[in-house]
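**Student:** with the sequence up front, the predicted model follows.
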Number of protein chains: 2
Amino acid sequence: MAEALRGLKRTNMCGELNQEFVGKEVVLMGWVQKRRDLGGLIFADLRDRTGIVQVVFGEEINSEAFKKAEAIRSEYVIAVVGEVVLRESPNPNIPTGYIEVKGKELKILSESETPPIYIKENLDAAEAIRLKYRYLDLRRPDIQRNIMIRHKAAKVVRDFMDENGFLEIETPMLTKSTPEGARDYLVPSRNFPGKFYALPQSPQIFKQLLMVSGFDRYFQIVRCFRDEDLRANRQPEFTQIDIEMSFVDMDDVIELNERLIQRLFKEVLNVDVERPFKRITFKEAMEKYGSDKPDIRFGLELMDVSGAVKDSNFKVFKDTIANGGTVRGINAKGCAEFSRKEIDKLEELVKTYGAKGLAWIALKEGEIKSPIAKFLSEDELNAIKDAMSAEVGDLLLIVADKPKTVFASLGALRLELGRKLNLIGPDNKDYKFLWVTEFPLLEYDEEEGRYVAMHHPFTSPMDEDVDLLETQPDKVRAKAYDMVLNGEEIGGGSIRIHDTKLQERMFKVLGFTMERAYERFGFLMEAFKFGPPPHGGLAFGFDRLVMFLTGTDNIKDVIAFPKNQNAACPMTNAPSTVDEKQLDELGIEIIERE
Amino acid sequence: MAEALRGLKRTNMCGELNQEFVGKEVVLMGWVQKRRDLGGLIFADLRDRTGIVQVVFGEEINSEAFKKAEAIRSEYVIAVVGEVVLRESPNPNIPTGYIEVKGKELKILSESETPPIYIKENLDAAEAIRLKYRYLDLRRPDIQRNIMIRHKAAKVVRDFMDENGFLEIETPMLTKSTPEGARDYLVPSRNFPGKFYALPQSPQIFKQLLMVSGFDRYFQIVRCFRDEDLRANRQPEFTQIDIEMSFVDMDDVIELNERLIQRLFKEVLNVDVERPFKRITFKEAMEKYGSDKPDIRFGLELMDVSGAVKDSNFKVFKDTIANGGTVRGINAKGCAEFSRKEIDKLEELVKTYGAKGLAWIALKEGEIKSPIAKFLSEDELNAIKDAMSAEVGDLLLIVADKPKTVFASLGALRLELGRKLNLIGPDNKDYKFLWVTEFPLLEYDEEEGRYVAMHHPFTSPMDEDVDLLETQPDKVRAKAYDMVLNGEEIGGGSIRIHDTKLQERMFKVLGFTMERAYERFGFLMEAFKFGPPPHGGLAFGFDRLVMFLTGTDNIKDVIAFPKNQNAACPMTNAPSTVDEKQLDELGIEIIERE
């Protein structure tokens, strides 16, 4: 039944037709969105990636086309030759609503069974079925729009980087397994049975080597891989905008990347992003927002009441401070009337972050309600109110614990309050960028019993802190910076160590024997013997950026063929079994488990 | 010893300085190419990716900088503040040769040991050492230039495709193993122990699904993988410009890709490529050039002498023709004086392609020399001469065999003669593009005892040949086309089957049970039930294209971090051993072999 094109050429896209085309003959090709029969006429909404236009067939218009049109159904692919005319009853809701195409010739290019999912915007179908029939899901105009925005975003990035003297250089996908970081995807080698390549978690080492090579300014929009248990909005393969530059300080990297983001938001969304972005240190971010990726679209900042309660008779506060802990809180302005149930829910939340409880003080008109008020003197209560700028009508929410727990729980509480109080609208087009700087270089990993690099082992310590590396490793700040947008880290980077001696000290602090460090990173350290330039860079999570640009909160909506939560593809059935022979060639076998 | 930048900003690149900058103060940063001491002055050639400029330090210029300059050695990284002045003795061989920079301030940013390879153009070092120290090899100006051209080529392609309405859409790297084609690289799955992803040999199926999804015009510059034994100029991972478009015939694909290539050669090399390209059928290509990727920069076409010798008494010719073979030859114009030894070498060559021998006739002034002349009548000899447009001074080289053998051996002989007679200069800037069309859809695979797809199983047969699919499969021509440049296939593609029924017939001819076809490609055939548009596309080997654009004949010269012939990387030592724990998590183990 499928007819061939036989030289017929499309002249126009559906979505571009309007009153200006009236009287013109056009050739359109696309999918039938729906067919309606009305008063001896057949109406078909014809869809291509630009939009929908109405085509009408009738005995009077063209008898042959009309007869053929009786066969068409939703999702049939057709070619129509016809004349653009004004519609008798316009539909002002769609761009092409003032015109229609009188079908003089019709070819049915291919037929369609009834699709298992509807092809329409904001479809509410189960994810499993959407992924299985992804090629149909991708026909939905909203997903198509996302993919087009993704294309445009990549184009804007490449244009900008090219204009600024950056070379896009491809780095290997079949590379070497590295011990730091997440779990690698491995690829067995056939030439060297028992040995494996790893897919890159990022091109970190290669981009640094490119700086050693003198390429000066490198970027790449590049696929990266992490074999981790998938949380929401994580994919086993994801895309990074990877950037590195030589002979620069932190300010140079920051300036360039702000301009990149400014350009991106302007060209894709026509949004003006102001520069320079706000910068705050890691310390300040934790103290004010309880997060190293604060959402600064709203206030509700954390406040320190340790000073106010350090001599309190309330044992919880007093002991916490005596043991090196801290007492901090959030003033939920105007929330004194929260119900007990609402407050209990907030307490549950902070407990999931390790807090032992949530102390609260509701400053109602004429009375104070608080389970802890009885432990506090009038002076202490006033001191707390002062420290938290409290007024009648406010609800003070306080956590006392180790700093880490206080920050984590209050940071989460702050976000929850922001949502609960509608401080961030659902369609908030307010883009609040900021840089978080002066991250700790190292964090102590309880499980491994050693320090680990907070970013990666090539991050440079701040000049003023280098001397503390061996003596007070936890005090050393890094030349690292994260770009944060509305509470999400969208990019991060650092100035790198470019001194072999310092790099060796770093590995020592990380508990690597020099032998192991050389085994794993020897080529980078070796390269550093031959004149490495000062260099630094940054990487953006491209998928996440595109999520912002498209306004979706689901990473699967910005990737053409995403994997599900098990890192599987319901459409292709990957991963799948392979022939015994293939494994044998690779020198591996499957472990038989009971 | 390494000094920090501490806010010092580079103002210029080395290579851009010339007389116009005289009198200006500049800040340069780069590598010391070499240092010379002369008459109380220290001269340093400073190199960055743009070129080299001479810097001079002296007691009179700046005493402190001069003292520091005594420490600098080749490949040290330095920053220099200085004034651009005219040189006393200009060097007209380099662009910056008329000026030099008087060094007023010097920072040694990092030191270098003596590099194991020289940093200079056209280095003649062993490949193993160059790959081990790739980061130094990449400092060589010629390799840097190649990588810059690669960047530019990719940029031009993306600009062009974007202007023509193509969307760059990323397809998965972790995908499904497919049985047709080359050997897959496999990636064990942790979530499904015993199952594997495959790295894509090409995004073929995904790009077709994107057409089913209505994206209309797709492209991607994308990494592909083949685990094959590496011949020269093959890499296990390589890059493809992948293109697919809907609602098109072969002519549309051809037109677009010619314009792409035209733009690429114009913008990168300033070479005007004429359009439309010549097109010849597979049959004509074989008959004229003995190759499906003919180098048409020179003549020496194959000629059919079967007619002239079909009744010959020379048994070899006669029997060959009687058995369905063919007798063809090349007229090596003006080569009658080739020595016996030279002719023997040519015979050796054709024998490696399966020919049993090489018959030759040297038409010398006044005499004919030929080991076969005695078997031929005067008439036959004249008929051969006529068929080959032979004149005195020519050497006629003839092979009699099965057509396949004749074409393969004469095709190789033709190329060898082209080189031997200097018909292609070593720096030949003559770019002869052509399309080869009407390929056979199928070839019979003796080893597998079945037909296999010459391109891939989704290639559409030509409309006029569809009916022969089951009856005379070897007669069916495909809607396939290759773009050939100077004897190399640089791209190839086809119009695809977009009809499930026809696709099923195709798989049947390929000897797939429907069960196996569905198991492997079911999702594509399933997708085709829901309105696939007519579509087709093409893929270019990007590495190979860049080889043409850079004028190199070594693929490793256009890839930043290539693998060696064993698919290993001497720099990182990939592939490498991994921890037992990693394998255990994946449910695989290494086969212990004696």
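**Tutor:** Noted; the coordinates are in hand. Residues are numbered from 1 along each chain as shown, chains lettered A, B, ... in the order given.

**Student:** flag every residue of the stretch 201-350 of chain A that's near chain B.
**Tutor:** Residues of the stretch 201-350 of chain A that fall close to chain B, judged by CB under 8 Å from any CB of the partner chain: A:205-206, A:209-210, A:212-216, A:223, A:225, A:227, A:236-237, A:239, A:246-249, A:252. To be clear about C-beta, it is placed using only N, CA and C from the backbone, and glycine gets the same treatment.

**Student:** in strands, which of those fall?
**Tutor:** A:223, A:225, A:237, A:239, A:246 (DSSP state E).

**Student:** so the third one bridges to which residues?
**Tutor:** So the one you mean is A:Glu237. Note on A:Glu237: beta-bridge partners A:Phe225, judged by DSSP bridges.

**Student:** and for it, the neighbour number?
**Tutor:** A:Glu237 sits with 21 neighbouring residues when counted by other CB atoms under 10 Å in any protein chain shown.

**Student:** next up, the contacts around it.
**Tutor:** Under the criterion of CB atoms under 8 Å, 6 or more residues apart in numbering or on different chains, the neighbours of A:Glu237 are A:223-225, A:563, B:172-174.

**Student:** give me the number of residues near A:Gly15?
**Tutor:** 18.

**Student:** which residue, other than its chain neighbours, is closest to it?
**Tutor:** Computed as CB to CB, 6 or more residues apart in numbering or on different chains, the closest residue to A:Gly15 that is not its neighbour in sequence is A:Gly51, at 2.5 Å.

**Student:** equivalent analysis for A:Pro236, please.
**Tutor:** Closest to A:Pro236 by CB to CB, 6+ apart is A:Ala567, at 4.4 Å.

**Student:** longest helix in chain A, by residue count?
**Tutor:** The helix that spans the most residues within chain A, counting by DSSP state H, is helix A:141-163.

**Student:** circling back: using JSON lines, please lay out the ones in strands among the residues of the stretch 201-350 of chain A next to chain B together with distance to A:Tyr289 and pLDDT.
**Tutor:** As requested, those are exported to JSON lines (distance: CB to CB, whole Å; pLDDT from 0 to 100):
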{"residue": "A:Arg223", "distance to A:Tyr289": "33", "pLDDT": "98"}
{"residue": "A:Phe225", "distance to A:Tyr289": "32", "pLDDT": "96"}
{"residue": "A:Glu237", "distance to A:Tyr289": "32", "pLDDT": "97"}
{"residue": "A:Thr239", "distance to A:Tyr289": "28", "pLDDT": "98"}
{"residue": "A:Ser246", "distance to A:Tyr289": "34", "pLDDT": "98"}
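
**Student:** can I get these in JSON lines including distance to B:Leu349?
**Tutor:** Shown next, in JSON lines, are those (distance: CB to CB, whole Å):
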{"residue": "A:Arg223", "distance to B:Leu349": "44"}
{"residue": "A:Phe225", "distance to B:Leu349": "46"}
{"residue": "A:Glu237", "distance to B:Leu349": "47"}
{"residue": "A:Thr239", "distance to B:Leu349": "49"}
{"residue": "A:Ser246", "distance to B:Leu349": "50"}
